[in-house]
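> Provide a 3D model corresponding to the input given below.
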Amino acid sequence: MSTDYFAKLINLMEKLRSPEGCPWDREQTHETLKPMLIEEAYEVLEALDCADSEKLCEELGDLLFQVIFHSRIAEEEGRFDAQEVCRRLYEKMVRRHPHVFGDRSFSDSKELLRNWEDLKAEERAAAGQRVRKQSLLDGVPEKLPAMQTTHQLTSKASRVGFDWSNLREIRHKIDEEFEELERALEKDDEEAVREEIGDLIFTVLNVARFLEIDSETALRRANRKFKKRFRRMERHFDSHGRSLKDLTLDEMEQFWQSNKLGLEKKTSGA
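Next up is the predicted model:
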């Protein structure tokens, strides 16, 4: 017989928040827990990047504990509890998957995502929340990191066909934005430079979104690769009694490219 560990976690949290429980846990509020919620989410991402099943299992548990913690605080204030969170989630997922739990059918995932927005609008209307015509872009959290906000905004826009048709079109837009950046630099217009850099980054991020690749994950991998190669270069020259600050850019670039080529050959099995 399986043990209902979810119920046990609910009871554990109740005990921690009780007068006989933990002083630290009793002191926490929604506000004080915000940083920990973000931290736990990023630790889940790190575990996913490492493809470490043990770590992923542990970090998902830590993230779930944050959900239970916030639910307990809300229950104490008479607003909702963890069971209500689960009930609402369950019913919402059933509503939003009429092709699984109903008689609807969709030709592909793109049509399904367009219908997803319609379903959310119906839910708002049923809840009496639609007092005015809302934008398709409503619902993207204001506090998302900028990179994720770009992905969410452009993904939503693409669901109604506002998107590029192919990568060549995006490449053309990237070239266009870079040219606009160069013109701003020529004019020595700091505000325009800042704006054009934003436009350039925004467009580049759309390459990842268009290819259905998570830009945050891709950039983290690039960061790790850069750190690994840079540290290898430091060790190489240090073993020869030389410091990077004493090298020319050409010397560093020559090592960087030769090292990069060697790694690529090693990866390909050559």
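> low-confidence ranges in the chain?
Along the chain, the model assigns pLDDT under 70 to residues 1-2, 128-134, 262-270.
> next structured bit after the one helix or strand N206 maps to?
Using DSSP states H and E, N206 maps to helix 190-210. Next in sequence after helix 190-210, counting helices and strands by DSSP H and E, comes helix 215-239.
> Now tell me what touches that next one from outside.
45, 48-49, 145, 147-148, 150-151, 205, 208-209, 243-244, 247, 252, 255-256, 259-260, 263 (Cβ atoms under 8 Å, 6 or more residues apart in numbering). Just so you know, the C-beta spots here come from the backbone N, C-alpha and C atoms, and that holds for glycine as well.
> That one relative to helix 190-210, how many degrees between them?
110 degrees (axes from the mean of the first three to the mean of the last three Cα atoms, to 10 degrees).
> and the closest residue to E58 other than its chain neighbours, what does it touch?
Residue nearest to E58 in three dimensions, not counting chain neighbours: A47, with 7.6 Å by Cβ to Cβ, 6 or more residues apart in numbering. For A47, the contacting residues are K55, L56, E58, E59, L60, by Cβ under 8 Å, 6+ apart.
> Next, S107: secondary structure please.
coil (DSSP: H, G, I helix; E, B strand; the rest coil).
> just to revisit the earlier point, can you pick out the ones from the contacts of A47 that are in helices?
Among those, DSSP state H puts K55, L56, E58, E59, L60 in helices.
> Could you pick out the buried ones from those residues?
Buried members of the ones in helices among the contacts of A47, scored by 16 or more other Cβ atoms under 10 Å, are L56, E59.
> Sort out which one of the ones in helices among the contacts of A47 lies nearest L167 for me.
The shortest gap between L167 and any of the ones in helices among the contacts of A47 belongs to L56, at 32.1 Å (Cβ to Cβ).
> residue contacts, the closest one?
By Cβ under 8 Å, 6+ apart, the residues touching L56 are V44, A47, L48.
> Put together a markdown table for those residues, with secondary structure and distance to N223 on each row.
Below are the contacts of L56 laid out as a markdown table (DSSP: H, G, I helix; E, B strand; the rest coil; distance: Cβ to Cβ, whole Å):
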| residue | secondary structure | distance to N223 |
| --- | --- | --- |
| V44 | helix | 18 |
| A47 | helix | 17 |
| L48 | helix | 15 |
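> Any chance you could list what contacts stretch 9-28?
L64, F65, I68, F69, R72, I73, E76, A82, Q83.
> what's the helix or strand for the residue of the chain most remote from its centre?
Each residue of the chain has a distance to the centre, and by Cα atoms, centre = their mean the biggest one is for G241: 42.3 Å. Assignment of secondary structure by DSSP H and E places G241 within no helix or strand.
> List the backbone torsions phi and psi for it.
phi 70, psi 30 (degrees, to the nearest 10).
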